[in-house]
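K.L.:
Let me see the structure of the following:
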Amino acid sequence: MVGQLIDARYGVKLSKSSVCRLLSQLGLTPQRPLWRAYQQRPEDVQRWLQQEYPQIRRLAKKHNALIFFGDEAGVRSDHHAGTTWAVKGKTPVVSSTGARFGLNLMSAVSAQGEFRFMTVKGRVGAVQFIEFIKRLLHNAQRMVFLIVDGHPAHKAQRVQRFCESVKDRFRLFFLPPYSPELNPDERVWNDLKNNAIGRQALTTPQHLKAAVIRHLRLIQKSPDRVRSYFQNETTKYAAQ
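P.N.:
All right, here's what the predicted structure looks like:
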């Protein structure tokens, strides 16, 4: 693609090896990119990192609150990850059922290694989000701060009314728009899909649900694993 761009802009045709050599001479190396939505505003991200989140952290310290980052996701039976065995030189073909099925989930992580999750039947809406908040608050010994994205369910009037009714125990905050990389809870879904769901042959919805719950309970029992989600380049700001 770089070669095509050079040709289009300068009218110079280069072979792939010539393009690679030129990029190397410029000090460039091939790397796996971090994807960003083009709608993301860098100034919003900087304001979050430098002003908004530090303010939330100070407020949490004042109220002795525990900060959670929350998110929702869907997993599907046809997600695949990893490799498989085959005769050298022959690309393997894995047969699977054409009947796809999925499961929706909600979870939250804290920098202290706490992890909560809930499976959801059907779509995730305001009702399901309120139920998840109630579970976070159940038996909570400290005030809870929950940071989420701008999903419509999170900003629904029904949710706002509920948050107002429990404002002495709970507060809701929002990440900058189009900035999932700032949310440590996103790492949970990467873990689940690549280290569990994508490496199993899932034949029924019940099998999928059991596999999901088994892996999420494993995460729940591994505080160090949860804390590791806060060590990514874009999430370590929230590790303190």
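
K.L.:
any idea whether the closest residue to R135 other than its chain neighbours is helix, strand or coil?
P.N.:
With sequence-adjacent residues excluded and distances taken as CB to CB, 6 or more residues apart in numbering, R135 is closest to M118, at 6.1 Å. (Glycine included, C-beta is placed from N, CA and C.) Three states are possible here, and by DSSP: H, G, I helix; E, B strand; the rest coil the one that applies to M118 is strand.

K.L.:
Could you list the buried residues of stretch 14-32?
P.N.:
Judged by neighbour count (16 or more other CB atoms under 10 Å), stretch 14-32 contains these buried residues: 14, 19.

K.L.:
sorry, back to before: so who does the residue nearest to R135 touch?
P.N.:
Neighbouring residues of M118 by CB atoms under 8 Å, 6 or more residues apart in numbering: 105-107, 128, 131-132, 135.

K.L.:
What is the nearest of those to E233?
P.N.:
For these, the residue nearest E233 by CB to CB is S107; the value is 21.3 Å.

K.L.:
Tell me who's in contact with the closest residue in space to the closest one that isn't next to it in sequence.
P.N.:
Here the nearest residue to S107 in space, its sequence neighbours aside, is F117; by CB to CB, 6+ apart that works out to 4.0 Å. Contacts for F117 were tallied using CB under 8 Å, 6+ apart; they are 105-108, 188, 216, 220.

K.L.:
one step back: now intersect the contacts of M118 with the helices, please.
P.N.:
Within the contacts of M118, membership in helices is found for 128, 131-132, 135, as judged by DSSP state H.

K.L.:
and the protein, what are its domains?
P.N.:
Annotated domains of the chain cover 1-31, 42-80+99-238 [automatic domain parsing].

K.L.:
circling back to that earlier point, give me the buried entries from the ones in helices among the contacts of M118.
P.N.:
Neighbour-count burial (16+ other CB under 10 Å) is assigned, among the ones in helices among the contacts of M118, to 128, 132.

K.L.:
With pLDDT and distance to F162 as added columns, please give the ones in helices among the contacts of M118 in TSV.
P.N.:
As requested, the ones in helices among the contacts of M118 are exported to TSV (pLDDT from 0 to 100; distance: CB to CB, whole Å):
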residue	pLDDT	distance to F162
Q128	97	12
E131	97	10
F132	98	11
R135	96	13
